[in-house]
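Participant: With the sequence up front, the predicted model follows.
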Amino acid sequence: MTRISRVAVALLLTAGLAAPAAAQSVTQADVQRLNDNVYLADRDITQLRTRDAARATQLQTELDDLRDEVVYLKVKLRKERSLARTEYSDVQSRIENVRSRAQGNSSSAYAFPGRDSSTSSGAAPSSSGSTSSSTRTTNLPRGTVEVPAGTEMDVRLSNALNSGTAQVEDRFEGTTLVDLSLDGRTAVPAGSLVRGVVTAVEPGTRTNRTSKMTVSFDQITVNGRAYPLRGTVTQAIEGEGIKGEAGRAGVGAGVGAIIGGILGGFKGALAGILIGGGGTIAATEGKEVELPQGSVLRLRIDSPLQIQTGGR
């Protein structure tokens, strides 16, 4: 083999090895394609509405969540300059699944990672206070627990948020109010730090009296170790009158028990605030969205979260 041939072969091998790595990188163009697919899915749902209004409404709710997840990915890529291909592919598959169901090609819902077929309907885990092994990935590493998608936690804001002053990509923090336990083990202790980001904001104006703000949670720190998180706001609760923050609750119990045990009969939801699809927070009284320091945001975990507890 001549020297030129050897060089040519080496270049081809190098290109072949580099190609998979390049294929793994996610670009802004990829995220834009997700936006385009959301638009197409919205069109499919509009067409479905004339045939099956109830199903169209259900799919529209799912698509609204996915639209906000695309915004989240766009912000994350711009902020961190990298995005895992698996994270991108997950959202892409879910959008395609919505389109398929809107077109009548499949009646089955998307099976979220970490769930078996028995839980692929997208329903949240049971609120019985414990999580069965069928809803979590099996063969987890020793000392690791998995918090299923759909689990809710209450997080108290450490700083105030206001749609009139907030900017996209602004960071904020909060702390969990109660222990989150799975199968008798504490997965997330009370007081764990949760980090979030503002992904969209529409301040109130003279012509637009409905201000909006969308926030997402992207990281939780448990026992000094940070874990990536995908979380959406489902409810905003007035923080005044909180008591007994060291209380304990199992998975799902936060939906009712936390309100009853911690707020102690307080009115609960923040006045003038409405939570829409994908965690969009809107003001209903022609004012800015105002979340004072100490407000409680109910956080829904959108992807399974694996946490090391150190136990056996």
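Facilitator: Structure's in. What do you need?

Participant: per the record, what domains does the chain have?
Facilitator: 3-102, 119-308 (automatic domain parsing).

Participant: which of those domains is buried the deepest?
Facilitator: Of all those, domain 119-308 carries the top mean neighbour count, a mean of 18, counting by mean count of other C-beta atoms under 10 Å. Every residue, glycine included, has its C-beta placed from N, CA and C.

Participant: And the closest residue to Lys79 other than its chain neighbours, which helix or strand is it part of?
Facilitator: Nearest non-adjacent residue to Lys79, counting by C-beta to C-beta, 6 or more residues apart in numbering: Glu169, 5.9 Å away. Using DSSP states H and E, Glu169 sits within no helix or strand.

Participant: Could you export the domains of the chain to CSV, including columns for mean pLDDT?
Facilitator: Listed next are these as CSV, based on pLDDT from 0 to 100:
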stretch, mean pLDDT
domain 3-102, 77
domain 119-308, 75
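
Participant: which residues touch the residue nearest to Lys79?
Facilitator: 75, 78-79, 197-198 (C-beta atoms under 8 Å, 6 or more residues apart in numbering).

Participant: Arg55 reaches Leu48, doesn't it?
Facilitator: Yes. In this structure, Arg55 is within contact of Leu48 by C-beta atoms under 8 Å, at 6.5 Å.

Participant: Okay, the residue nearest to Lys79 and Glu80: tell me how far apart.
Facilitator: In this view, Glu169 and Glu80 are 11 Å apart by C-beta to C-beta, to the nearest Å.

Participant: same thing with Thr221?
Facilitator: According to C-beta to C-beta, Thr221 and Glu80 sit 17 Å apart.

Participant: can you map out the strands along the stretch 1-150 of the chain?
Facilitator: Taking DSSP state E, counting those that start in this stretch as the criterion, the stretch 1-150 of the chain carries its strands at 144-147.

Participant: Please report phi then psi for Gly277.
Facilitator: When read as degrees, to the nearest 10, the backbone of Gly277 gives phi -60, psi 140.

Participant: Can you give me the distance of Arg225 to Val188?
Facilitator: Separation of Arg225 from Val188 (C-beta to C-beta) stands at 12 Å.

Participant: Tell me who's in contact with Val70.
Facilitator: 31, 34-35, 38, 91.

Participant: related to what we said a few turns ago, list residues touching both of Arg55 and Leu48?
Facilitator: In contact with both Arg55 and Leu48: no residue, using C-beta under 8 Å, 6+ apart.

Participant: Just the contacts of Val70: which are in helices?
Facilitator: Among the contacts of Val70, DSSP state H puts 31, 34-35, 38, 91 in helices.

Participant: Next, format those residues as TSV and append distance to Asp44.
Facilitator: Formatted as TSV, these follow (distance: C-beta to C-beta, whole Å):
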residue	distance to Asp44
Val31	20
Leu34	15
Asn35	15
Val38	11
Val91	17
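
Participant: Leaving out the residues flanking it, which one is nearest to Leu83?
Facilitator: Of all residues not flanking Leu83 in the chain, Val26 sits nearest, at 4.1 Å (C-beta to C-beta, 6+ apart).

Participant: that older thread, quick check: the two most widely separated of the contacts of Glu169?
Facilitator: Maximum pairwise distance in those, criterion C-beta to C-beta, is 13.1 Å, between Arg78 and Val198.

Participant: Quick check: Glu288 is in a helix.
Facilitator: No. Counting by DSSP: H, G, I helix; E, B strand; the rest coil, Glu288 is not found in a helix; it is coil.
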